[in-house]
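Peer 1: Structure of the sequence below:
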Amino acid sequence: MKTIVEKSMLGRAWVASDCSDTVDTDNLMRCVLRNRGVDDADMEKFLNPSIHEYMPDPFVLRDCEKAVDIISDAILKNEKIAVYGDYDVDGVTSTAIFIKYLRAVGADVIWHLPTREGEGYGLNSDAVRDLYDQGAKVLITVDCGISGGTEVDVAKSLGMRVVITDHHSPDAVIPAADAVVNPKRADDDSGLTYLAGVGVAFLVLVALNRKLKSVGSPDLLEKISSVNLMEFLDCVALGTICDTMALVGLNRAFVATGLKVLSLRQNVGLKALMQIAKVDKVSVYTAGFVLGPRLNAAGRLDSANPALDLLLTDNPLIAHDLAMKLDGLNQERIGIQNAIMDQATELANQCCARGRCSLFICGDNWHGGVMGIIAGRIKDRYNLPTCVATRVDGVINGSGRSIATINLGAIIHDALSRGLVTEGGGHAAAAGFSLPVEREAEFCEFLEQSVLEQLNGKKPNCDVLVDAEMDAAGATMQLVRKLQKLEPFGQGNPEPILALRGAVLNYASVMGRGGTHLRGCFRTSTGGRLDFVGFNLVGTPVGDFLLDDANINTKIMVLGRLCENSYNGRISAQFVLEDIAL
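Peer 2: Predicted coordinates for the structure are as follows:
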């Protein structure tokens with residue numbers, strides 16, 4: 001490894017592998033893949049991920065056979081089945097594909113999505129009782145349930161059979177459900193721990209489909225023949241991307257294939273949402289940062305049911321109305337988020353001034369629906385594991401987002417086992433929790449000590465791994481086309497980070513409704529131009545430098561990602577700026 005920049009304007013070192021300064025695009029591709037742990041032997045499989053190549057036997061998941069036996073038995077007996085989901089995109093898409101399948105095969109199905117503020121994450125005993133009162137004999141959880149031991153006991157006491165499908169980290173003792181399908185179970189040998197909740201749900205549906213084909217009546221078999229599970233992969237891709245799961249193995253195939261399905265716009269609701277959001281080209285970015293926030297907005301501010309209704313409807317007029325509603329809720333969410341972000345950033349600065357390795361930021365009566373987004377933004381800005389929470393009526397509810405080297409979910413589970421938090425769960429990159437206000441200081445210190453323990457007493461590494469160092473003149477559409485062969489990008493396969501030399505600032509201005517983003521243009525050594533955008537850079541040292549007219553015509557080194565930009569029919573290379581160095 002070599003150091004390209006000792007200290008950037010954001011205080012980070014830029015480091016790169018020895019192959020990073022190659023000018024040959026084929027060697028650049030190999031260097032990028034090696035940085036992601038892909039050798040030449042696996043290159044073809046990585047570059048062309050297919051469901052056929054990666055799809056395992058779904059019964060490799062522990063308890064999957066038990067789960068499909070219970071569900072198929074309920075379908076054959078025409079018993080009412082309840083699907084219990086979650087309010088985020090992973091939970092809503094998981095719920096949607098289960099409902100779609102069960103409806104298609106003629107099952108009697110009802111469902112419930114909890115409210116973030118009223119019920120909170122996971123199973124709720126009153127909601128379980130309500131589903132029972134509606135006649136449900138079988139309860140299926142999707143993207144939740146693994147921490148719901150008490151609620152599962154309630155369901156069992158009512159005589160319900162319970163199937164848990166989840167991907168969150170379990171406690172030492174798992175709920176006493178009839179079947180618990182979770183690749184993170186200690187006794188699960190599937191190797192599929194990277195799946196999102198919707199990925200687990202999809203595998204269970206594949207297994208269920210196989211089971212029903214072997215036991216179904218002619219009428220049921222006819223219904224099954226009308227189901228194409230591949231059409232569900234648009235939802236699987238959305239849930240996987242929005243839950244920031246690693247795009248490796250089966251997830252990579254899910255997303256690559258799912259984005260192709262999404263681009264066909266077969267889902268009436270998603271088609272309407274893409275029209276409202278002006279999505280022309282489907283990508284991981286548009287799924288995660290354009291469609292995802294709109295689907296998430298309902299659950300953040302109120303009930304996630306409009307998002308679920310959108311995914312389920314076949315009526316274009318209803319879909320349009322729901323898409324408009326979600327778009328409006330997203331704008332409302334942005335306003336709430338920006339107001340809290342200013343306060344949270346000031347508190348984060350105070351924490352950083354004390355030299356802490358973690359950030360716990362808490363405010364009075366902040367809207368709980370935007371805690372996770374703000375935690376993610378602050379985590380990105382300071383490169384520290386971050387928890388953001390709100391104090392309401394003596395209770396603190398929060399969300400956390402973590403850096404690559406810290407397993408935040410494990411920390412929250414440890415806090416739960418010690419009784420420090422009353423509720424909590426998550427995975428390595430994200431977690432949620434609740435605790436009484438009188439334990440705030442204790443939790444803050446516990447978080448810091450737990451992070452230090454995982455870091456072995458060292459400060460978090462702020463180094464940025466650069467995939468390629470090159471002259472800004474080489475950032476062309478030809479290179480964009482080469483890099484696109486590495487898609488889909490995401491966790492586990494991030495977009496290549498480029499360090500460009502010789503970029504001359506031409507101009508920069510503020511863009512976006514919230515006034516937090518930048519756009520502008522660099523000139524290159526050959527006289528060409530390279531347009532750039534910079535997200536959430538206003539108010540940072542980078543933003544301050546670029547917006548200062550005194551710095552126009554200054555030659556700088558820039559760090560970021562190269563992508564395709566389409567505007568008014570014109571396609572060009574665009575640089576997504578993350579940092580600069582003088």
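
Peer 1: looking at this, Phe522 is in a helix?
Peer 2: No: under the criterion used here (DSSP: H, G, I helix; E, B strand; the rest coil), Phe522 is strand, not part of a helix.

Peer 1: any idea how far Arg561 is from it?
Peer 2: Using CB to CB, to the nearest Å, Phe522 is found at 14 Å from Arg561. Every C-beta, even on glycine, is put in place using the N, C-alpha and C of the backbone.

Peer 1: Pick out whichever of these two has more residues nearby.
Peer 2: Phe522 (24 against 18; other CB atoms under 10 Å).

Peer 1: Now the more buried one. Nearest residue, chain neighbours left out?
Peer 2: Spatial nearest neighbour of Phe522, chain neighbours left out: Ala503 (4.1 Å); criterion: CB to CB, 6 or more residues apart in numbering.

Peer 1: Now that neighbour: which helix or strand?
Peer 2: When elements are assigned from DSSP states H and E, Ala503 belongs to strand 498-511.

Peer 1: quick one: low-confidence ranges for the protein?
Peer 2: Under the criterion pLDDT under 70, the flagged ranges of the chain are 18-25.

Peer 1: What segments of the stretch 51-200 of the chain are strands?
Peer 2: Here the stretch 51-200 of the chain has its strands, by DSSP state E, counting those that start in this stretch, at 80-84, 108-112, 136-142, 161-165, 179-181.

Peer 1: what's in contact with the last one?
Peer 2: Put plainly, it is strand 179-181. Residues from elsewhere that reach strand 179-181 (CB atoms under 8 Å, 6 or more residues apart in numbering): 61-64, 66-67, 70, 145-146, 162-166, 174, 200, 204.

Peer 1: Among those, which ones are in helices?
Peer 2: Among those, DSSP state H puts 64, 66-67, 70, 200, 204 in helices.

Peer 1: Just the closest of the residues you listed to Ala573, please.
Peer 2: Val200 (38.2 Å; CB to CB).

Peer 1: my guess is the closest one meets Pro183, correct?
Peer 2: Yes: when contacts are counted by CB atoms under 8 Å, Val200 is listed as touching Pro183 (6.6 Å).

Peer 1: shared neighbours, the two?
Peer 2: 61, 167, 192.

Peer 1: Report the buried residues of stretch 400-414.
Peer 2: Neighbour-count burial for stretch 400-414 flags 400-403, 406-414 (criterion: 16 or more other CB atoms under 10 Å).

Peer 1: now swap in stretch 157-176 and tell me
Peer 2: So stretch 157-176, judged by 16+ other CB under 10 Å, has buried residues 160-170, 174-175.

Peer 1: quick check, nearest of these to Thr476?
Peer 2: Distances from Thr476 to these, taken by CB to CB, are shortest for His167, at 40.1 Å.

Peer 1: Contact partners for that closest one?
Peer 2: 143, 182-184, 193, 195-197, 199-200, 427.

Peer 1: Columns neighbour count on top of those, output as TSV?
Peer 2: Listed next are those as TSV, based on neighbours: other CB atoms under 10 Å:
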residue	neighbour count
Asp143	31
Asn182	25
Pro183	20
Lys184	19
Thr193	16
Leu195	27
Ala196	29
Gly197	31
Gly199	27
Val200	27
His427	23
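
Peer 1: just the strands in the stretch 251-400 of the chain please.
Peer 2: Counting by DSSP E, counting those that start in this stretch, the strands of the stretch 251-400 of the chain are 359-364, 386-392, 395-401.

Peer 1: Tell me the spacing between the nearest residue to Gln574 once chain neighbours are set aside and Asp531.
Peer 2: Nearest residue to Gln574, sequence neighbours excluded (CB to CB, 6+ apart): Asn565, at 3.6 Å. If you measure Asn565 against Asp531 using CB to CB, the figure is 7 Å.

Peer 1: intersection of neighbour lists for those two?
Peer 2: 572-574.

Peer 1: For Ala475, state which of those is nearest.
Peer 2: Ala573 (5.8 Å).

Peer 1: ok, now which ones touch the closest one?
Peer 2: 475-477, 479-480, 530-531, 562-565.

Peer 1: Now neighbour count and secondary structure too, for the residues you listed, in CSV please.
Peer 2: Shown next, in CSV, are the contacts of Ala573 (neighbours: other CB atoms under 10 Å; DSSP: H, G, I helix; E, B strand; the rest coil):
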residue, neighbour count, secondary structure
Ala475, 24, coil
Thr476, 15, coil
Met477, 14, helix
Leu479, 18, helix
Val480, 17, helix
Leu530, 23, strand
Asp531, 15, strand
Leu562, 25, strand
Cys563, 17, strand
Glu564, 15, strand
Asn565, 16, strand
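
Peer 1: Dump those to JSON lines, plus distance to Ala13.
Peer 2: Output for those, formatted as JSON lines (distance: CB to CB, whole Å):
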{"residue": "Ala475", "distance to Ala13": "22"}
{"residue": "Thr476", "distance to Ala13": "28"}
{"residue": "Met477", "distance to Ala13": "30"}
{"residue": "Leu479", "distance to Ala13": "25"}
{"residue": "Val480", "distance to Ala13": "27"}
{"residue": "Leu530", "distance to Ala13": "24"}
{"residue": "Asp531", "distance to Ala13": "27"}
{"residue": "Leu562", "distance to Ala13": "21"}
{"residue": "Cys563", "distance to Ala13": "24"}
{"residue": "Glu564", "distance to Ala13": "29"}
{"residue": "Asn565", "distance to Ala13": "29"}
